[in-house]
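>>> What would the 3D arrangement of this be:
(chains A and B)
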Amino acid sequence: MSTRIRDTLVVPLLAIGLALIVGAVIMVLSSPLIDGSFDVRIPFQAYAALIKGSLGTPEQWVDGNFNAIVQTLVETAPLLLAGLAVGLGFKGGLFNIGAQGQFLLAGLAAAFVGGLLASSSPFVAVPAALLAGLLVGAAWGFIPGALKAFTGAHEVVTTIMLNYIAVFIIAYLITGPLRDPTASFARTISVGNASLPVLFGRNGHLGILIAALAVPAVWWLLYRSTLGFEIRAVGANPDAARYAGMHPKFLLILTMSLSGLLAGLAGGVQILGLTGYMPIGYSTSLGFDAIAVALLGRAHPVGILLAALLFGAMRAGAGQMQVDAHIPVQMIDLLQGIILFFLAAEVVLRKWFRIRSTGVGGVPAETTVTRSYGGQTSI
Amino acid sequence: MADPILPDIAPVSAPALEMRGITKRYPGVVANDHIDLTIRPGEIHALLGENGAGKSTLMNILYGLARPDEGEILLDGEQIHISGPTDAIHHGINMVHQHFMLIPVLTVAENILLGEETTRGRIFLDRREARQRIRDLGTRFGFDIDPDEKVGRLSVGWQQRVEILKALYRDARILVLDEPTAVLTPQETQEVFLVLRRLAQQGHSIVFISHKLYEVMEIADRITVIRRGKVVGERIPAQTDEDDLAELMVGREVQLTVPRGESHPAEVMLSVQDLVVKSDRGRVAVEGATFDVRAGEILGIAGVAGNGQDELVQAITGLRRPTSGSIRLGDRDVTMTGPRDLHEMGVAFVPADRHRFGVVLSWPITDNLVLTDYYAQPYSHHKVRNDTAIRARAVEAIEQFDIRTPGPDVTVGALSGGNQQKVVVAREFDRELSLLVLDQPTRGLDVGSVEFIHRQAIAKRDAGTAILLVSAELDEVMELSDRIAVMYRGKLVAFLDGRTAHKDEVGLLMATGGAQGPAPATAASAPGKPA
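Predicted coordinates for the structure are as follows:
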């Protein structure tokens, strides 16, 4: 068992390590742009600042200041939920690139319902707004699921298209019917009492707790329930699932809807916990970052938790890095990209570092993340 | 057994290829343990062994796909190091894999040229020259092939010849064939054998990997038997027999034919009436099949693969909707019943393509053993898995069905083919059954596993299960069936008594469909005809 865990961890850890090294090289090479000469200390300053910005310092902890850690958790929560969404899709053999659209549309739904209930009791407003996000996210996941089940349309294509549709629906609604008439720029009205309560620190909202609870919930669904068994069977071998009396079409619609539901929860949490309204052109790449989180976490809920914490910490510490080491915050996106790059090159990594996957009798234990690129097989 | 064309024993000459003391270790397994193998020029050398005995590892080492931990390889007496397949081909060593490495949408010539393009001015493919060479090679070895035919349109037998041509085009001196007959009909096998003999006569050395004893006896000049990574014997066909080889291979006495005893057919369990089933492409694959299977008997359906057996089996097991006709199980109409309901009515199914339907390769044995009844007590309760019960089942099945594995959590993909099939058999056999559908239940398995599965099937029959056996292996049908039906072009053309039927008679029916239709033996061997 422990060898299996080690085998699962080795490539992601290697990818992170190599990304930090490549990132360091890039920082050194670009350092003349900052102070005119090559400076090999810059990466160390930058990474130290990243840690400081995401975890804080012992002195701050002594003072009871945990703002850095809380900020990391705030950044982590939506990444975690959306990462679980994409990871669940992987387990069911689906590549949900539509987390972004599901996230955004759910955010709008939560903002809208939250706005309607802005002056109701928080005990009504918060659950209702979150529920609106959940349902809209699930519906936006249901569409590509049904399209795939009934027409065979590939979810990668349909979810990308649905992402655009979501963006333009949002733009229309926010500039039109849902626009807050009193605001100086196009946005929905404030959610008022539907805002997620702050539980700890400056902005440690309820969403963090929700995201944390989603990890065991998704794990339980996948590995303890018979439904999860069916979802994973369809993901691993749809023909065998059909042979075993399962209903792959139903299951893929359900998986896609559940995936959308989790992405929708992420959207609700983000809007109700942070902004308090949905602005026009709400810019985020969260739904896409979630794909990186799911891949780095090997589609396993615990792995996704670790990956989301890493990415959340990098986002939380980026500002400090820019202040201390003059490395622009965009470095974080670069690091994220390099990690993905190495993950995608797993075969090459295994060759370089002579990592043999632990199989029996020399049979490599391959990890199939998704078979959705291989085309749907049906009989 | 010995073929008249063949010289009795290849003349003793300097070896073309020697492998000395080859050792290859994988974590926990010694796949090859100081193996010595000598191949002489112009001989057909059979490498015989059960699945997982180390044949493939040895050949992968020869082909440069794996590196030996110890040992050396000598070509014409000179030591060589093979760094990879390209290097092996450069040394004149070629391999024809069990699963063809051909691209169906490309022509024969294009497939053969792939990786070895003859060019004009280094840019343009010289197709004309290539085509001519391919034709010449074909003629030299006794088969006319059209270089412009798309490979996807060729029958499996001809695809194999394309693979062989590919090797010859690269000036192969030593040709390794990995289970070349696994996918061929008896006629096609004979035709390929003819080609191999011609190759050998012209000085090519052939390594023929197989676990089919009678084939090895027929084609090989010498036989090396491998068991558990070691050479356990070398034989010449004239001085051995199948029983001797089987014992060497398995390490104990094996009953090649399981005694089946008297059958006691009772009431009709499966009744199929005028069944019409269409294939994926909408072609009528089963044309009005009508037959019964009684409880306690085995009905064997013989036929060359692709004559509608797949569609027939899928219709009966609920995976494909029939166009018309009816299927009854006992007194219930199950024509449109799905797999789950059939399962609950006591229907079990061992599918032909176990990797596609039978198991989830990336899952552990535990989960695969409950693939069909994970939702039922005791494996789950109120939709929650009971891991203790699932594990207990696995431990019991591993013991009872002799599944060779380090433990129940090992993924099925890491098991040998025989053990994978045992997982399927353990799952499907281990309950009260009304109907058992066995589709190619022993395809690709070694003699030990075949014996085991045949025994289990007969035990089920004697316990009163109706068994429908579909197999392209005529021997298997002959051996197990109480009654035999022959399927030809979607029709059941003949029903015979399993005890009195003669193999040649069934073989002829399989090939020609009896009096009906044109003789397909010529059709199958003509190039360019779809399989």
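
>>> how about low-confidence regions in the stretch 401-531 of chain B?
B:515-531 (pLDDT under 70).

>>> does the residue in the stretch 151-300 of chain A that chain B sits nearest to count as helix, strand or coil?
Per Cβ to the nearest Cβ, A:Gly245 is where the stretch 151-300 of chain A lies closest to chain B, at 3.0 Å. Any C-beta I mention is one placed from the backbone N, CA and C, and that applies to glycine too. Per DSSP: H, G, I helix; E, B strand; the rest coil, the secondary structure class of A:Gly245 is coil.

>>> Please identify the helix or strand for the closest residue to it other than its chain neighbours.
Nearest non-adjacent residue to A:Gly245, counting by Cβ to Cβ, 6 or more residues apart in numbering or on different chains: B:Arg340, 3.0 Å away. If you go by DSSP states H and E, B:Arg340 is part of helix B:339-344.

>>> residues making contact with that helix?
Helix B:339-344 has contacts (Cβ atoms under 8 Å, 6 or more residues apart in numbering or on different chains) with A:242-246, B:317-319, B:329, B:334, B:349, B:372-373.

>>> Next, the distance between the ends of stretch A:232-242.
13 Å (Cα to Cα, to the nearest Å).

>>> is chain B contacted by that stretch?
Yes. Counting by Cβ under 8 Å from any Cβ of the partner chain, chain B has neighbours in stretch A:232-242: A:232-233, A:236-237, A:239-240, A:242.

>>> Quick one, grab the pLDDT at whichever residue of the stretch 251-400 of chain B sits closest to chain A.
Closest contact between the stretch 251-400 of chain B and chain A, by Cβ to the nearest Cβ, is at B:Arg340 (3.0 Å). Per-residue pLDDT puts B:Arg340 at 94.

>>> and it, how many neighbours does it have?
Around B:Arg340 sit 17 other residues, with neighbours defined as other Cβ atoms under 10 Å in any protein chain shown.

>>> Repeat that for A:Pro279.
16.

>>> Am I right that it is in contact with A:Arg187?
Yes. With contacts counted by Cβ atoms under 8 Å, A:Pro279 reaches A:Arg187, the gap being 4.4 Å.

>>> looking at chain A, which helix or strand is least sure?
helix A:32-35 (a mean of 75; mean pLDDT, DSSP states H and E).

>>> ok, residues contacting that helix?
Under Cβ under 8 Å, 6+ apart, the answer for helix A:32-35 is A:38, A:42, A:326.

>>> where does residue 372 land on pLDDT?
You didn't say which chain, so I picked chain A. 38.

>>> could you do chain B instead?
93.

>>> Contacts only, for the nearest residue to it once chain neighbours are set aside.
Excluding the flanking residues, the one nearest B:Thr372 by Cβ to Cβ, 6+ apart is A:Ala244, at 4.7 Å. Applying Cβ under 8 Å, 6+ apart, one finds that A:Ala244 lies in contact with A:233, B:339, B:371-372, B:374.

>>> list the contacts for B:Ala394?
Applying Cβ under 8 Å, 6+ apart, the residues near B:Ala394 are B:365-366, B:369, B:408.

>>> Can I take it that it is in a strand?
No. Assessed with three-state DSSP, B:Ala394 is helix; it does not lie in a strand.

>>> out of the contacts of A:Ala244, who's nearest A:Ala85?
Checking these against A:Ala85 by Cβ to Cβ gives A:Ala233 as the nearest, at 20.0 Å.

>>> how far is the strand or helix carrying that closest one from where the chain is centred?
If you go by DSSP H and E, A:Ala233 is part of helix A:226-236. Computed by Cα atoms, centre = their mean, to the nearest Å, the chain-centroid distance of helix A:226-236 equals 22 Å.
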